[in-house]
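Peer 1: Below are the sequence and a predicted model for it; my questions follow.
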Amino acid sequence: MKQLAIISGKGGSGKTTLTAAFASLAKNAVIADCDVDAADMHLILKPEIQDEDDYLGLEVASIDPELCTGCGKCREVCRFGAISENITINQYSCEGCAVCTVACPENAVSMKPRISGQVFSSKTRFGPLAHAKLGIGEEASGKLVSAARERATKLAEQYTKDLIIIDGPPGIGCPVIAAITGTDLVLAVSEPTVSGIHDLKRVIELAKHFRIPAAVCINKCDINEENSLKIEEFCAEAGVPVLGRLPYDDITTRAMMREETVIEYAAREGSLSNEKVSCPENSPCLENSPDHEESVKGRDFTSKVRKIWERLEERLSEVSFKGPGMVSFK
């Protein structure tokens with residue numbers, strides 16, 4: 001079983017759009033939405049939830065009123081202001097450090113598990129989906145990412161799938177590390193902006209640190225050709241292949257509004273534009289209409305997406321797994 005993680009250094013670069021498109025092109029895959037802080041894969045894939053489990057995140061302090069004498073020592077040592085004057089715990093302020101349990105002379109304070117989110121197994125038109133939702137104001141999203149990946153692995157084993165496609169979170173923090181650890185290949189999606197280049201460099205360094213092969217896709221490449229060339233130069237120096245360039249195209253927005261992948265949307269629009277229509281006299285024909293131009297642009301965009309997917313499949317077929325954090329090309 002191979003695992004492909006799609007990440008980026010910043011949000012809004014096109015990870016979910018590409019992941020959903022790849023899901024529609026993959027033959028035998030499980031999809032994992034691991035952007036648990038801002039999950040949005042469900043907006044396109046419209047999953048039918050088959051199974052749901054609570055996720056227990058950080059523990060929260062709890063005071064037993066029968067043992068508590070109200071001495072206030074727990075309140076004195078709490079650096080987060082989570083204990084009020086009447087010695088009650090504000091669970092949203094409690095960071096779970098447990099120092100209050102040490103300070104209490106009556107052993108009246110203990111740590112209790114707290115439901116911080118949910119993990120789901122779902123069915124979609126493209127196959128099984130593992131996804132999760134972090135509760136409002138909750139933390140430890142890295143652990144929830146790991147829980148979602150564990151669920152994806154179980155689904156892959158259950159349905160005999162040979163690939164897990166992971167829609168990762170942005171950045172380089174704990175959730176991203178949890179999303180890419182032990183994967184076979186990382187695809188970093190970047191856009192040609194100053195911040196995009198800066199964040200891409202950090203993402204590539206992260207992948208190198210964990211010895212995971214990486215590849216790059218330049219999204220919205222035509223908004224700044226000079227910066228697109230800078231990305232290609234950086235990748236050449238770093239030995240990271242650029243698998244493709246995608247131009248800016250509002251097909252991504254139109255497809256999302258219809259809850260479709262760009263592959264589905266372009267196919268449907270293409271079939272409509274290819275229908276033979278008789279043009280009335282003195283009226284513009286379909287080939288000259290704005291809708292036809294948009295359809296042609298959309299097909300060009302999706303052909304590039306398909307090419308990137310083909311190259312990803314080639315890279316995955318060349319990868320050999322050597323153990324945790326030890327992945328290389330044959």
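Peer 2: Received it, and whenever you're ready, just let me know what you need. Numbers count the residues shown, from 1 in each chain.
Peer 1: So which residues of the stretch 151-300 of the chain form strands?
Peer 2: 163-170, 185-190, 214-219, 242-246 (DSSP state E, counting those that start in this stretch).
Peer 1: Which stretch among the ones you listed is buried most, on average?
Peer 2: Mean neighbours per residue, mean count of other C-beta atoms under 10 Å, is largest over those for strand 185-190, with a mean of 27. All C-beta spots, glycine's among them, are computed from the backbone N, C-alpha and C.
Peer 1: Let me have the strands of the stretch 151-300 of the chain in CSV, extended by mean pLDDT and distance to residue 203.
Peer 2: Formatted as CSV, the strands of the stretch 151-300 of the chain follow (pLDDT from 0 to 100; distance: least, C-beta to C-beta, whole Å):
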stretch, mean pLDDT, distance to residue 203
strand 163-170, 96, 9
strand 185-190, 97, 5
strand 214-219, 97, 8
strand 242-246, 96, 14
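Peer 1: Flag every buried residue along stretch 221-239.
Peer 2: 221, 224, 227-228, 230-232, 234-235 (16 or more other C-beta atoms under 10 Å).
Peer 1: just stretch 301-313 next, same as before
Peer 2: Going by neighbour count (16+ other C-beta under 10 Å), the buried part of stretch 301-313 is 301-302, 304-306, 308-309, 311-313.
Peer 1: TSV for the residues you listed, including distance to residue 66?
Peer 2: What follows is those, written out as TSV (distance: C-beta to C-beta, whole Å):
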residue	distance to residue 66
301	66
302	65
304	67
305	63
306	66
308	63
309	62
311	65
312	60
313	63
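Peer 1: Now flag whichever of the residues you listed is closest to residue 58.
Peer 2: residue 312 (36.0 Å; C-beta to C-beta).
Peer 1: Between the two ends of stretch 150-169, how far is it?
Peer 2: End-to-end distance of stretch 150-169 (C-alpha to C-alpha, to the nearest Å): 16 Å.
Peer 1: Run the chain-centre distance for that stretch.
Peer 2: For stretch 150-169, the distance from its own C-alpha centre to the chain's C-alpha centre is 14 Å (C-alpha atoms, centre = their mean, to the nearest Å).
Peer 1: Same check on stretch 15-32?
Peer 2: Centre to centre, stretch against its chain (C-alpha atoms, centre = their mean), the figure for stretch 15-32 is 11 Å.
Peer 1: Please apply the same query to stretch 258-270.
Peer 2: Distance of stretch 258-270 from its chain centroid, counting by C-alpha atoms, centre = their mean, is 21 Å.
Peer 1: Identify all contacting residues around that stretch.
Peer 2: For stretch 258-270, contacts defined as C-beta atoms under 8 Å, 6 or more residues apart in numbering pick out 17, 20-21, 23-25, 43-44, 46, 251-252, 254-255, 294-295, 298-299, 301-302, 305-306.
Peer 1: Filter these down to the buried ones and hand me the PyMOL line.
Peer 2: A single PyMOL command is used to select the members of the contacts of stretch 258-270 judged buried by 16+ other C-beta under 10 Å:
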select buried, resi 17+20+21+23+24+25+44+251+252+254+255+294+295+298+299+301+302+305+306
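Peer 1: In helices only, show me the contacts of stretch 258-270.
Peer 2: Taking DSSP state H as the definition of helices, the contacts of stretch 258-270 contribute 17, 20-21, 23-25, 43-44, 251-252, 254-255, 294-295, 298-299, 301-302, 305-306.
Peer 1: quick one: low-confidence parts of this protein?
Peer 2: Residue ranges of the chain with pLDDT under 70: 140, 270-298, 320-330.
Peer 1: can you list the domain ranges for it.
Peer 2: Using the TED database, the domains assigned to the chain come out as 2-46+125-277+289-329, 57-116.
Peer 1: Next, count neighbours for residue 9.
Peer 2: A count of nearby residues for residue 9, using other C-beta atoms under 10 Å, gives 24.
Peer 1: and the closest residue to it other than its chain neighbours, how many neighbours?
Peer 2: Excluding its sequence neighbours, the residue lying closest to residue 9 (C-beta to C-beta, 6 or more residues apart in numbering) is residue 199, at 2.2 Å. Neighbourhood size, residue 199 [other C-beta under 10 Å]: 22.
Peer 1: Does residue 199 touch residue 11 like I think?
Peer 2: No: the criterion here is C-beta atoms under 8 Å, and residue 199 misses it with residue 11 at 9.8 Å.
Peer 1: Need the max-distance pair from the buried residues of stretch 221-239.
Peer 2: 224 and 235 (16.0 Å).
Peer 1: and stretch 200-213, C-alpha only, in PDB?
Peer 2: Provided in PDB are the C-alpha atoms of stretch 200-213 (Å, rounded to 0.1, in the frame of the first residue of the first chain):
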ATOM      1  CA  LEU A 200       7.600  26.000  -0.300                       C
ATOM      2  CA  LYS A 201      11.200  26.100   0.800                       C
ATOM      3  CA  ARG A 202      10.200  25.300   4.400                       C
ATOM      4  CA  VAL A 203       7.900  22.400   3.200                       C
ATOM      5  CA  ILE A 204      10.700  20.900   1.100                       C
ATOM      6  CA  GLU A 205      13.100  21.100   4.000                       C
ATOM      7  CA  LEU A 206      10.500  19.400   6.200                       C
ATOM      8  CA  ALA A 207      10.200  16.500   3.700                       C
ATOM      9  CA  LYS A 208      14.000  16.200   3.500                       C
ATOM     10  CA  HIS A 209      14.300  16.100   7.300                       C
ATOM     11  CA  PHE A 210      12.000  13.000   7.400                       C
ATOM     12  CA  ARG A 211      13.700  11.600   4.200                       C
ATOM     13  CA  ILE A 212      10.500  11.500   2.200                       C
ATOM     14  CA  PRO A 213      10.700  12.000  -1.600                       C
END
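Peer 1: All set now, cheers.
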